[in-house]
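[1] Sequence plus the predicted model coming up.
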Amino acid sequence: MRNFSMVLAVSDSDILIHLAKLNQLNLLKEQFSRIYISEIVYNESVVQGISREKKDAYTIQEFIETGQIITEKINEKDIKSIINKHNIHKGESSILALASKYEVDYCMTNEIRVRNVIKSEGFKVVGTLGIILMAFNTRLIDKKSCLKVLQNIEANSNEFRFHPKIIQKVIQEVNKKNT
């Protein structure tokens, strides 16, 4: 039986890379008891990033080395089954395989198609902007800091690839709150 105070999550590489670039990876450990990633996500976010000398890859690696993010191997058969059922990529399939294995509370991804697949399997989904908004709503970050992070995302749209209307919607939501 699982401890109900534990909030488990799985993440794709996009979320980790975004939060590392924003210096907000700590929001994950503050909102989730345990964060799992597959070896595939590890290779995408750390191994490939380090080979390209990306600073965010070293930050993610540090979180993994300190046990704040747990890397898991996924059975190839499980991944192939998910790929065949949902027609999504290997890394994305590994998220769903991990989510099922650990009965997680949240799956973290920004990919709309993958989000829909994950929801269809009964899991809650949150993306980069949602994690930032959750942190603000639970007072892990204050309004000024939250807006600064969102403005950073907005100013670097080529790096974060969010539609400007979505960012503006989140900024408006934050501005509505009197905190």
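    Done, it's in.
[2] helices and strands around the strand or helix carrying Ser100, which ones?
    Following DSSP states H and E, one finds Ser100 within helix 90-102. For helix 90-102, the contact count by 3 or more C-beta pairs under 8 Å, 6 or more residues apart in numbering; DSSP states H and E identifies strand 8-11, strand 34-38, helix 39-42, helix 76-86, strand 106-108, helix 112-120 as packing neighbours. The way it works is simple: take the backbone N, C-alpha and C, and place the C-beta from them, glycine included.
[3] relative to helix 112-120, how tilted is it?
    Relative orientation of helix 90-102 versus helix 112-120 (axes from the mean of the first three to the mean of the last three C-alpha atoms, to 10 degrees): 20 degrees.
[4] Tell me how far helix 90-102 lies from the chain's centre.
    Relative to the chain's own centre, helix 90-102 is displaced by 13 Å; criterion: C-alpha atoms, centre = their mean, to the nearest Å.
[5] List the buried residues in the lowest-mean-pLDDT helix or strand in the chain.
    Using mean pLDDT, DSSP states H and E, the weakest-scoring helix or strand in the chain turns out to be helix 157-160, at a mean of 89. Of the residues in helix 157-160, Phe160 count as buried by neighbour count, 16 or more other C-beta atoms under 10 Å.
[6] got it, and stretch 52-61?
    Neighbour-count burial for stretch 52-61, counted by 16+ other C-beta under 10 Å, picks out 54, 56-57, 59-61.
[7] from the residues you listed, which is closest to His18?
    Asp56 (8.4 Å; C-beta to C-beta).
[8] Thought Ile17 was touching the closest one, still the case?
    Yes - assessed by C-beta atoms under 8 Å, Asp56 is found in contact with Ile17 at 5.3 Å.
[9] Find residues that contact each of those two.
    45, 49 (C-beta atoms under 8 Å, 6 or more residues apart in numbering).
[10] Same list (the helices and strands packed on helix 90-102) but as a markdown table, adding distance to Gln68, mean neighbour count and mean pLDDT.
    Compiled in a markdown table, the helices and strands packed on helix 90-102 are given as follows (distance: least, C-beta to C-beta, whole Å; neighbours: other C-beta atoms under 10 Å; pLDDT from 0 to 100):
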| stretch | distance to Gln68 | mean neighbour count | mean pLDDT |
| --- | --- | --- | --- |
| strand 8-11 | 12 | 25 | 96 |
| strand 34-38 | 7 | 24 | 96 |
| helix 39-42 | 13 | 22 | 97 |
| helix 76-86 | 25 | 14 | 94 |
| strand 106-108 | 14 | 25 | 97 |
| helix 112-120 | 22 | 16 | 95 |
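[11] Tell me which of these sits nearest to Ile69.
    Distance to Ile69, taken as C-beta to C-beta, is lowest for strand 34-38 among these, at 4.8 Å.
[12] hmm, back to that, with distance to Ala155 added, can I get the helices and strands packed on helix 90-102 in CSV?
    Below are the helices and strands packed on helix 90-102 laid out as CSV (distance: least, C-beta to C-beta, whole Å):
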stretch, distance to Ala155
strand 8-11, 24
strand 34-38, 27
helix 39-42, 27
helix 76-86, 34
strand 106-108, 23
helix 112-120, 23
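[13] Kind regards, and thank you for your time.
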